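Got a sequence here, can you model it:
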Amino acid sequence: MVAMPQEKMLPMIPGLRDPKKIDGAVDQLLAAVQNKEAILTGYPIVVTDDGERAVSESVIEQRYATEFDPPATAQNFGGGPAASGTSDSIFVHDDVVPTAFETRNCGATLEAEPHVLNHGESIHLDLVPQRVELLNFTSRSKYKVDQPIFFTSKVTQGLTVHNGQRVLIAVHQIPKPENYMEVFVLQASDTPVDSR
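Numbers count the residues shown, from 1 in each chain. Now for the predicted structure:
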């Protein structure tokens with residue numbers, strides 16, 4: 001998962017889509033990351049057995065409120081002014097009170113289930129790579145409660161690749177940094193287990 005300014009990424013996409021040129025294009029991407037001309041947004045790796053689903057996560061849990069009680073209103077407990085000249089009305093609280101929460105994982109996740117075919121010559125993959133980013137908070141209610149805004153780059157896909165082959169699986173326009181594009185490149189390899 002690599003993000004790069006759009007004007008630099010667009011010329012690279014044909015090379016990333018070409019099976020004969022993708023290795024060189026990936027080398028260029030990694031060199032751009034090394035030279036701080038691109039951002040490595042995620043590098044999930046999973047190792048699993050044939051037919052076994054695996055998940056790799058590199059995330060920060062972002063917890064946020066989803067339901068609230070509104071601010072309390074004044075309540076009069078004595079029916080009139082108190083002896084001190086103040087009202088018997090009191091406020092229990094003047095802010096909204098969170099009553100329910102959710103958690104969203106921010107970061108890179110890769111779910112993959114491989115099926116080795118043709119004695120290891122190719123691999124069929126059911127996969128879900130995704131990256132979730134917390135962009136900022138905004139007020140979305142009449143009570144001015146800050147709520148998170150998330151951005152998700154995600155692919156749900158099944159594909160078959162040759163053993164060791166790299167393949168471009170997604171291109172996304174991302175909101176941060178502005179005018180950046182992000183690519184997901186996959187490489188799957190069947191490594192036989194040493195039976196000694």
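
State the distance from the most centrally placed residue in the chain to Val171.
Centroid-nearest residue in the chain: Val132, 1.7 Å away (criterion: Cα atoms, centre = their mean). Between Val132 and Val171 the computed distance is 18 Å (Cβ to Cβ, to the nearest Å). Every residue, glycine included, has its C-beta placed from N, CA and C.

What strands flank the longest strand belonging to the chain, and is each parallel or antiparallel?
Ordering each strand of the chain by length in residues (DSSP state E) puts strand 97-117 first. Here strand 97-117 has these sheet partners by DSSP bridges: strand 54-69 (antiparallel), strand 122-139 (antiparallel).

mind listing what's buried in that strand?
Neighbour-count burial for strand 97-117 flags 106-114, 116 (criterion: 16 or more other Cβ atoms under 10 Å).

for stretch 34-53, same thing?
Those would be 38-39, 41-42, 44, 46, for stretch 34-53 by 16+ other Cβ under 10 Å.

before we move on, back to that, tell me how far the longest strand of the chain is from the chain's mean position?
8 Å (Cα atoms, centre = their mean, to the nearest Å).

Beta-bridge partners for the residue nearest to the centre of the chain, please?
In beta-bridge terms (that is, DSSP bridges), Val132 pairs with Gly107, Thr152.

Contacts only, for it.
Neighbouring residues of Val132 by Cβ atoms under 8 Å, 6 or more residues apart in numbering: 59, 104-107, 109, 150-152.

same question, Ala108
Ala108 makes contact with 1, 41-44, 57-59, 129-131, according to Cβ under 8 Å, 6+ apart.

just Val161 next, same as before
Val161 neighbours (Cβ under 8 Å, 6+ apart): 122-123, 125, 167, 186, 188.

if we can go back for a sec, from the contacts of Ala108, which single one is nearest Asp27?
Tyr43 (15.2 Å; Cβ to Cβ).

Dihedrals phi and psi, the closest one?
When read as degrees, to the nearest 10, the backbone of Tyr43 gives phi -150, psi 60.

separation between it and Ser58?
Taking Cβ to Cβ, one finds Tyr43 at 8 Å from Ser58.

cool, Lys36 as well?
Look at Lys36 and Ser58: by Cβ to Cβ, they are 20 Å apart.

Model confidence at Glu102, what's the number?
Listed pLDDT for Glu102 reads 92.

So in terms of bridging, what pairs with it?
Tyr64.

ok, it - contacts?
So Glu102 contacts 63-64, 66 (Cβ under 8 Å, 6+ apart).

Drop anything exposed from the residues you listed.
Judged by 16+ other Cβ under 10 Å, buried ones among the contacts of Glu102: Tyr64.
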